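>>> no letters, just coordinates:
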């Protein structure tokens, strides 16, 4: 597994609460949920993630929708 990077994130408390709730619904940690959402955003922009990334979003999503 590749080495993970750390960062400090300043975030609006209301947004944190919503992400925390969403993460609980999907059985993820808040960190895992944020990483999942960032990966989805990268893929949505048409960028390719390296093979073997944990919890990568499905690649079978329709393009342009």
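Structure received. Not measured: the values here are computed from a predicted model.

>>> only C-alpha atoms from now on, for both contacts and neighbour counts.
Noted.

>>> what's the burial count for the nearest residue to residue 48 once chain neighbours are set aside?
Leaving aside its sequence neighbours, residue 48 sits nearest to residue 42 (Cα to Cα, 6 or more residues apart in numbering; 7.5 Å). Using other Cα atoms under 10 Å, residue 42 is surrounded by 14 other residues.

>>> any idea of the pLDDT on the residue nearest the centre of the chain?
Closest residue to the average C-alpha location of the chain: residue 36 at 1.8 Å, with Cα atoms, centre = their mean. Note for residue 36: predicted pLDDT of 95.

>>> Provide the secondary structure category for it.
helix (DSSP: H, G, I helix; E, B strand; the rest coil).

>>> okay, helices next: where are they in this protein?
13-25, 30-44 (DSSP state H).

>>> most neighbours per residue, which of those?
Comparing the helices of the chain by mean neighbour count (mean count of other Cα atoms under 10 Å), helix 30-44 ranks first with a mean of 16.

>>> who does that one touch, helix- and strand-wise?
Here helix 30-44 touches helix 13-25, going by 3 or more Cα pairs under 8 Å, 6 or more residues apart in numbering; DSSP states H and E.

>>> what is the helix it packs on packed up against?
When contacts are defined as 3+ Cα pairs under 8 Å, 6+ apart, helix 13-25 sits against helix 30-44.

>>> how far off centre is the helix it packs on?
From the chain centre to the centre of helix 30-44 is a distance of 1 Å (Cα atoms, centre = their mean, to the nearest Å).

>>> ok, how many other residues are close to residue 46?
When neighbours are counted by other Cα under 10 Å, residue 46 registers 11.

>>> do you know how far it is from residue 40?
10 Å (Cα to Cα, to the nearest Å).
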